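Predicted model and sequence follow; I will ask about them next.
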Amino acid sequence: MARYQPRNQKGAVFPSPVVILSVLAVAMAGVAFVATRGSEPTEREVTTVVKEQPTASPSYSASAKPKPKPKPAVQRGKVYVEVYNNSGITGLAGDVADRTSNIGWKVVGSDNWYGTIPGTTVYYPERLKRAAKTLALDLGIRRTALAVDPMRRDRLTLILTGPLD
(Lines give C-alpha, C1' and ligand atoms only; values in the text may rest on other atoms or scores of the structure.)
Protein backbone atom coordinates (compact mmCIF):
# COMPACT_ATOMS: atom_id res chain seq x y z
CA MET A 1 0.00 0.00 0.00
CA ALA A 2 1.38 3.46 -0.96
CA ARG A 3 1.80 5.99 1.70
CA TYR A 4 0.50 9.50 1.25
CA GLN A 5 3.30 12.06 0.98
CA PRO A 6 2.44 15.76 1.60
CA ARG A 7 3.45 18.01 -1.24
CA ASN A 8 6.26 20.47 -0.73
CA GLN A 9 4.85 23.82 -1.83
CA LYS A 10 7.28 26.58 -2.58
CA GLY A 11 6.02 30.08 -3.23
CA ALA A 12 6.95 33.71 -3.02
CA VAL A 13 6.27 35.83 0.01
CA PHE A 14 5.34 39.37 -0.93
CA PRO A 15 6.70 42.23 1.18
CA SER A 16 4.32 44.39 3.13
CA PRO A 17 2.72 47.42 1.40
CA VAL A 18 4.89 49.74 3.51
CA VAL A 19 8.07 48.24 2.07
CA ILE A 20 6.70 48.48 -1.48
CA LEU A 21 5.72 52.14 -0.98
CA SER A 22 9.13 52.95 0.54
CA VAL A 23 10.98 51.43 -2.40
CA LEU A 24 8.68 53.27 -4.81
CA ALA A 25 9.23 56.59 -2.99
CA VAL A 26 13.03 56.19 -3.09
CA ALA A 27 12.88 55.39 -6.82
CA MET A 28 10.69 58.45 -7.52
CA ALA A 29 13.02 60.68 -5.51
CA GLY A 30 15.95 59.41 -7.58
CA VAL A 31 14.11 60.14 -10.81
CA ALA A 32 13.16 63.63 -9.59
CA PHE A 33 16.76 64.35 -8.61
CA VAL A 34 18.09 63.34 -12.02
CA ALA A 35 15.34 65.26 -13.84
CA THR A 36 15.83 68.52 -11.94
CA ARG A 37 19.60 68.77 -11.89
CA GLY A 38 21.27 70.70 -14.66
CA SER A 39 23.65 73.45 -15.46
CA GLU A 40 23.68 76.66 -13.50
CA PRO A 41 21.63 79.43 -15.09
CA THR A 42 23.47 82.04 -17.10
CA GLU A 43 23.91 85.04 -14.87
CA ARG A 44 23.93 88.62 -15.98
CA GLU A 45 24.70 91.72 -14.03
CA VAL A 46 22.61 94.86 -14.47
CA THR A 47 24.72 97.97 -14.74
CA THR A 48 23.63 101.56 -15.14
CA VAL A 49 25.37 103.78 -17.63
CA VAL A 50 25.55 107.55 -17.14
CA LYS A 51 26.25 109.49 -20.30
CA GLU A 52 27.99 112.83 -20.04
CA GLN A 53 26.11 115.78 -21.46
CA PRO A 54 27.95 117.65 -24.23
CA THR A 55 28.98 121.19 -23.30
CA ALA A 56 28.56 122.66 -26.78
CA SER A 57 25.37 122.35 -28.75
CA PRO A 58 25.81 119.98 -31.69
CA SER A 59 25.57 121.43 -35.17
CA TYR A 60 23.01 119.85 -37.43
CA SER A 61 23.62 119.20 -41.09
CA ALA A 62 21.32 118.04 -43.85
CA SER A 63 23.29 114.80 -44.24
CA ALA A 64 22.84 113.78 -40.60
CA LYS A 65 20.83 110.61 -40.15
CA PRO A 66 17.64 110.97 -38.16
CA LYS A 67 17.78 109.52 -34.69
CA PRO A 68 16.09 106.13 -34.34
CA LYS A 69 12.80 106.19 -32.51
CA PRO A 70 13.20 105.28 -28.87
CA LYS A 71 11.73 101.97 -27.81
CA PRO A 72 8.50 102.35 -25.86
CA ALA A 73 8.86 102.29 -22.11
CA VAL A 74 8.01 99.09 -20.26
CA GLN A 75 4.38 99.10 -19.15
CA ARG A 76 4.78 97.74 -15.63
CA GLY A 77 1.09 97.00 -15.10
CA LYS A 78 1.03 94.63 -18.08
CA VAL A 79 3.95 92.42 -17.02
CA TYR A 80 3.26 89.49 -14.69
CA VAL A 81 5.72 89.02 -11.83
CA GLU A 82 6.07 86.11 -9.40
CA VAL A 83 8.11 86.65 -6.21
CA TYR A 84 9.80 83.76 -4.40
CA ASN A 85 11.66 83.59 -1.08
CA ASN A 86 14.86 81.51 -1.12
CA SER A 87 16.10 82.80 2.24
CA GLY A 88 15.33 81.98 5.85
CA ILE A 89 13.51 85.29 6.35
CA THR A 90 9.82 84.67 7.06
CA GLY A 91 7.47 86.81 4.97
CA LEU A 92 10.16 88.24 2.70
CA ALA A 93 8.41 87.26 -0.55
CA GLY A 94 5.13 88.80 0.60
CA ASP A 95 6.80 92.05 1.65
CA VAL A 96 8.71 92.41 -1.62
CA ALA A 97 5.59 91.40 -3.59
CA ASP A 98 3.69 94.27 -1.93
CA ARG A 99 6.54 96.69 -2.64
CA THR A 100 6.71 95.54 -6.28
CA SER A 101 2.95 95.89 -6.69
CA ASN A 102 3.01 99.38 -5.15
CA ILE A 103 5.43 100.63 -7.81
CA GLY A 104 3.14 99.43 -10.59
CA TRP A 105 4.10 95.85 -11.45
CA LYS A 106 1.41 93.17 -11.78
CA VAL A 107 2.38 90.67 -9.06
CA VAL A 108 0.48 87.42 -9.60
CA GLY A 109 1.93 85.33 -6.79
CA SER A 110 4.48 84.89 -4.04
CA ASP A 111 5.76 81.74 -2.36
CA ASN A 112 8.90 79.93 -1.22
CA TRP A 113 11.51 78.73 -3.73
CA TYR A 114 13.29 75.45 -3.16
CA GLY A 115 16.67 75.15 -4.83
CA THR A 116 20.04 76.82 -4.92
CA ILE A 117 20.17 80.39 -6.19
CA PRO A 118 23.52 82.23 -5.98
CA GLY A 119 21.95 85.64 -5.27
CA THR A 120 18.74 87.65 -5.62
CA THR A 121 17.90 87.47 -9.32
CA VAL A 122 15.20 88.52 -11.78
CA TYR A 123 14.69 85.68 -14.27
CA TYR A 124 13.02 86.45 -17.59
CA PRO A 125 11.94 84.86 -20.85
CA GLU A 126 13.78 86.39 -23.84
CA ARG A 127 10.85 88.60 -24.86
CA LEU A 128 10.72 90.25 -21.41
CA LYS A 129 14.42 91.10 -21.12
CA ARG A 130 13.84 94.89 -21.02
CA ALA A 131 11.10 94.46 -18.43
CA ALA A 132 13.44 92.35 -16.27
CA LYS A 133 16.13 95.01 -16.36
CA THR A 134 13.55 97.66 -15.48
CA LEU A 135 12.25 95.61 -12.52
CA ALA A 136 15.83 95.01 -11.36
CA LEU A 137 16.54 98.75 -11.47
CA ASP A 138 13.26 99.55 -9.69
CA LEU A 139 14.14 97.25 -6.78
CA GLY A 140 17.93 97.75 -6.71
CA ILE A 141 18.70 94.20 -7.84
CA ARG A 142 22.00 93.64 -9.66
CA ARG A 143 21.36 90.25 -11.27
CA THR A 144 19.14 89.18 -14.16
CA ALA A 145 19.20 85.88 -16.04
CA LEU A 146 17.24 83.93 -18.63
CA ALA A 147 14.43 81.86 -17.13
CA VAL A 148 15.05 78.15 -16.68
CA ASP A 149 12.74 75.23 -15.95
CA PRO A 150 10.45 75.09 -13.96
CA MET A 151 9.95 78.88 -14.35
CA ARG A 152 7.04 80.02 -16.47
CA ARG A 153 7.82 81.68 -19.80
CA ASP A 154 5.11 84.34 -19.72
CA ARG A 155 6.30 86.33 -16.72
CA LEU A 156 9.23 87.55 -14.68
CA THR A 157 10.38 85.41 -11.77
CA LEU A 158 12.01 87.23 -8.87
CA ILE A 159 13.89 84.95 -6.46
CA LEU A 160 15.11 86.55 -3.24
CA THR A 161 18.10 85.24 -1.30
CA GLY A 162 18.07 88.04 1.25
CA PRO A 163 16.45 91.40 2.04
CA LEU A 164 16.55 94.17 -0.55
CA ASP A 165 18.40 97.39 0.21
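Thanks, I have it.

Which of the helices and strands in this protein ranks last by mean pLDDT?
strand 44-45 (a mean of 60; mean pLDDT, DSSP states H and E).

Listing partners with orientation, what would you give for whichever helix or strand comes after it?
Next helix or strand after strand 44-45 toward the C-terminus (DSSP states H and E): strand 80-85. Strand 80-85 has the following sheet partners, assigned by DSSP bridges: strand 106-112 (parallel), strand 156-160 (parallel).

Residues in contact with whichever helix in the chain runs longest: which ones?
Longest helix of the chain, by residue count under DSSP state H: helix 17-36. The contact list for helix 17-36, computed with CB atoms under 8 Å, 6 or more residues apart in numbering, is empty. Any C-beta I mention is one placed from the backbone N, CA and C, and that applies to glycine too.

for stretch 123-134, same thing?
41, 46, 71, 74, 76, 79, 122, 144-148, 151, 153-159.

Buried members of those into ChimeraX, please.
To isolate the buried members of the contacts of stretch 123-134 in ChimeraX, using 16 or more other CB atoms under 10 Å:
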select :41,46,74,76,79,122,144,145,147,151,155,156,157,158,159
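
Go ahead and confirm residue 139 touches residue 96.
Yes. Under the criterion of CB atoms under 8 Å, residue 139 makes contact with residue 96 at 7.4 Å.

With neighbour numbers in mind, choose between these two.
Ranked by neighbour count (other CB atoms under 10 Å), residue 139 and residue 96 place residue 96 first, with 23 against 19.

What residues does the nearest residue to the more buried one once chain neighbours are set aside make contact with?
The shortest distance from residue 96 to any non-neighbouring residue, by CB to CB, 6 or more residues apart in numbering, is to residue 83 (5.3 Å). Counting by CB under 8 Å, 6+ apart, residue 83 touches 93-94, 96-97, 100, 107, 109-110, 158, 160.
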